[in-house]
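Peer 1: how does the following fold in three dimensions:
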Amino acid sequence: MSIADRIGLTRKITRPRTEAFVKRYATADDVLDIGCGNDLYRHLFPNLKTLELNPRGDVDYVADVTDMHMIPDATFGMVLLLGVLEHVEEPHKAIAEIHRILKPGGRVLFASPFVYPLHDYPGDYWRFTDKGLEILFRNFSIEVLEPQADTMETLAILCQRIGFQCDTLGVRLAKAGWFLLARLFLSLRWILRREYGDIGNAVRVPSIMTSGYHVVLRK
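Peer 2: Now for the predicted structure:
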């Protein structure tokens, strides 16, 4: 572990926020983790099943989220869809399939980026606003739709990702400048007092930028 890791300079800003969001909904119900990746949430869900299109280890289902025909209707009480939908070419099909395999009254825990750099390129296709998510999830009841970060925090996250994903002046040490700038933006959250969804300053909004959204859906 590098010194930057030990002092928290390169600790990802977004990950603990999503982990805290998911932890609020820990359950012993049957849960499907779609795009399970590093299997981060198994300790919260004792009856967890996993699905991946291109698995890096053992998974329960090898499938595309737009075609989960091997899973019967109304199988799971909860579905985790965390940082996945932006990588799906046909998101509406994915949402329809999730609706099908979810039990009546079941929940979806969803997270997706909005103001966020390209990642896992070239398979990075979509960004959704809060209003876009309301349209996408119109067949569900939306219980929670919350920003992952406020405007200043989002600037910090962007700086951190530049540090992770870019070469600066061809000097490795110069990356530290981006991580330090991220910390500066985090310390300046207080300077924005009002934010507006239009340049005429007629529509107040909580934040004009967020790195992404956390959503809870109910079937």
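Peer 1: partners of the longest strand along the chain, with directions?
Peer 2: Across the chain, the longest stretch assigned as strand under DSSP state E is strand 102-113. Partners of strand 102-113 in the sheet, by DSSP bridges, are strand 76-82 (parallel), strand 212-218 (antiparallel).
Peer 1: looking at those, which is buried most?
Peer 2: Greatest average neighbour count among these goes to strand 76-82 (a mean of 23), per mean count of other C-beta atoms under 10 Å. (Glycine included, C-beta is placed from N, CA and C.)
Peer 1: contact partners of it?
Peer 2: 18, 22, 25, 27, 29-36, 41, 45, 49, 65, 94, 98, 101-103, 106-111 (C-beta atoms under 8 Å, 6 or more residues apart in numbering).
Peer 1: sorry, back to before: so which of the strands paired with strand 102-113 is nearest Tyr116?
Peer 2: If you check each of the strands paired with strand 102-113 against Tyr116 by C-beta to C-beta, strand 212-218 wins as the nearest, at 6.1 Å.
Peer 1: return the alpha-carbon coordinates of the closest one using PDB.
Peer 2: The C-alpha coordinates for strand 212-218 follow below in PDB (Å, rounded to 0.1, in the frame of the first residue of the first chain):
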ATOM      1  CA  GLY A 212     -24.400   9.800  -9.700                       C
ATOM      2  CA  TYR A 213     -27.600   8.600  -8.100                       C
ATOM      3  CA  HIS A 214     -28.700   6.000  -5.600                       C
ATOM      4  CA  VAL A 215     -32.200   4.700  -6.100                       C
ATOM      5  CA  VAL A 216     -34.600   2.300  -4.400                       C
ATOM      6  CA  LEU A 217     -37.300   0.900  -6.500                       C
ATOM      7  CA  ARG A 218     -40.300  -1.200  -5.400                       C
END
